[in-house]
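**Q** missing the sequence, but the structure's below:
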């Protein structure tokens, strides 16, 4: 605020904010008004108010304040300290055009020009509206800051969850493949790639499921088994199953397929593949030993009885 002396300031205060509205029971905004007779003094007040944690919402600045800096330079320096403050330029002269003002201060919605002599009601409205605008802007900034902080916290939490999920998937001894309902690869672990010996060019997440299925099918004795398996689940998306895959190289893999759900909604499918080659070979060996003589390697009595019972039945 700029005034020549305290008498004018008091008169300004009375004209602006003291009238018969109290008698009408109308509650008008209350303002605490500080005065500076020169631009430098006003700049120091703005700086001090920020340091004290009580920033000014609004400043009325005269365009001419001899012998010091003019209002345009004063506003420029004030905004360098506090760019959020609302400013009204008070001027009775036309030597400062709007174009030159904008060229110096930039085009800002925090700046209004009030020509002298001004109407008291207009000043009241400006003071009320601009301070309310300042308050709302600060509340918006606080809310935006809170939302940004919330987003950062949620993002960090999601990153931690994703990291934990990745670590869990990678620590599994089973090969794991996750696809969405359209067949696009969502995720997989290194054990899956190793188990199926899949080239990097095929396992990329951009690769469609049919390309991957085609490659996997070439490794199976029954090349249609996995493709048929996938086709069934494209129709019955909520079904689960367990199957045994026999590879051309002699490997035996247990395949478990379950729907991937988010809440109650099925959004894809999770495939897990476990190499059971050794267990299968051991089981076959034990069954062979149980039905064959250890010395002659010929079928023993247990196998003979089993064959007879089978024939009778």
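**A** All right, it came through fine. Everything numeric in this text was worked out from a predicted model, so none of it was measured.
**Q** Determine how far stretch 260-268 lies from the middle of the whole chain.
**A** Centroid separation for stretch 260-268 versus its chain: 22 Å, with C-alpha atoms, centre = their mean, to the nearest Å.
**Q** State the mean pLDDT of it.
**A** For stretch 260-268, the mean per-residue pLDDT is 91.
**Q** Show me the helices in the stretch 1-150 of the chain, by range?
**A** Using DSSP state H, counting those that start in this stretch, the helices of the stretch 1-150 of the chain run over residues 6-17, 39-51, 71-81, 98-105, 120-171.
**Q** most tightly surrounded among those helices?
**A** Comparing these by mean neighbour count (mean count of other C-beta atoms under 10 Å), helix 71-81 comes out on top with a mean of 19. Every residue, glycine included, has its C-beta placed from N, CA and C.
**Q** can I get the helices of the stretch 1-150 of the chain in CSV with distance to residue 237?
**A** Output for the helices of the stretch 1-150 of the chain, formatted as CSV (distance: least, C-beta to C-beta, whole Å):
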stretch, distance to residue 237
helix 6-17, 70
helix 39-51, 61
helix 71-81, 60
helix 98-105, 62
helix 120-171, 22
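**Q** With respect to residue 222, which of these lies nearest?
**A** helix 120-171 (27.9 Å; C-beta to C-beta).
**Q** Output the contacting helices and strands for that closest one.
**A** helix 6-17, strand 58-62, strand 86-91, strand 111-115 (3 or more C-beta pairs under 8 Å, 6 or more residues apart in numbering; DSSP states H and E).
**Q** helices or strands next to the helix or strand just after that helix in the packing?
**A** Next in sequence after helix 120-171, counting helices and strands by DSSP states H and E, comes strand 175-180. Counting contacts by 3+ C-beta pairs under 8 Å, 6+ apart, strand 175-180 packs against strand 185-188, helix 190-196, strand 265-275.
**Q** can you list the ones you listed in a markdown table and add mean neighbour count and distance to residue 58?
**A** A markdown table is the format used below for the helices and strands packed on strand 175-180 (neighbours: other C-beta atoms under 10 Å; distance: least, C-beta to C-beta, whole Å):
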| stretch | mean neighbour count | distance to residue 58 |
| --- | --- | --- |
| strand 185-188 | 18 | 55 |
| helix 190-196 | 17 | 63 |
| strand 265-275 | 17 | 53 |
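**Q** domain assignment for the protein?
**A** The chain breaks down by automatic domain parsing into domains covering 6-145, 172-275.
**Q** Distance to residue 157 for these - can I get that in JSON lines?
**A** Putting the domains of the chain into JSON lines (distance: least, C-beta to C-beta, whole Å) gives the following:
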{"stretch": "domain 6-145", "distance to residue 157": "19"}
{"stretch": "domain 172-275", "distance to residue 157": "17"}
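**Q** Mean pLDDT lowest where, among these?
**A** Mean pLDDT is lowest for domain 6-145 among the domains of the chain, at a mean of 83.
**Q** returning to what we had before: relative to residue 123, which of the helices and strands packed on strand 175-180 is closest?
**A** Closest among the helices and strands packed on strand 175-180, using C-beta to C-beta: strand 265-275, at 60.0 Å.
**Q** If you count contacts, what does the closest one end up packed against?
**A** So strand 265-275, by 3+ C-beta pairs under 8 Å, 6+ apart, packs with strand 175-180, helix 190-196, strand 252-262.
**Q** what residues does it touch?
**A** Strand 265-275 is contacted by residues 172-181, 186, 192, 195-196, 233, 237-238, 245, 251-261 when judged by C-beta atoms under 8 Å, 6 or more residues apart in numbering.
**Q** And the next helix or strand past that strand?
**A** helix 277-291.
**Q** packing partners for that following helix?
**A** Packing partners of helix 277-291 (3+ C-beta pairs under 8 Å, 6+ apart): strand 252-262, helix 301-312.
**Q** roughly how far is that helix from the heart of the chain?
**A** 54 Å.
**Q** ditto for stretch 44-53
**A** Relative to its chain's centre, stretch 44-53 lies at 36 Å (C-alpha atoms, centre = their mean).
**Q** Contact partners for the closest residue to residue 74 other than its chain neighbours?
**A** Among residues not flanking residue 74 along the chain, residue 39 sits closest, at 3.4 Å (C-beta to C-beta, 6 or more residues apart in numbering). By C-beta under 8 Å, 6+ apart, the residues touching residue 39 are 2, 61, 65, 68, 69, 70, 71, 73, 74, 77.
**Q** try it again with 7 Å
**A** 65, 68, 69, 71, 73, 74 (C-beta atoms under 7 Å, 6 or more residues apart in numbering).
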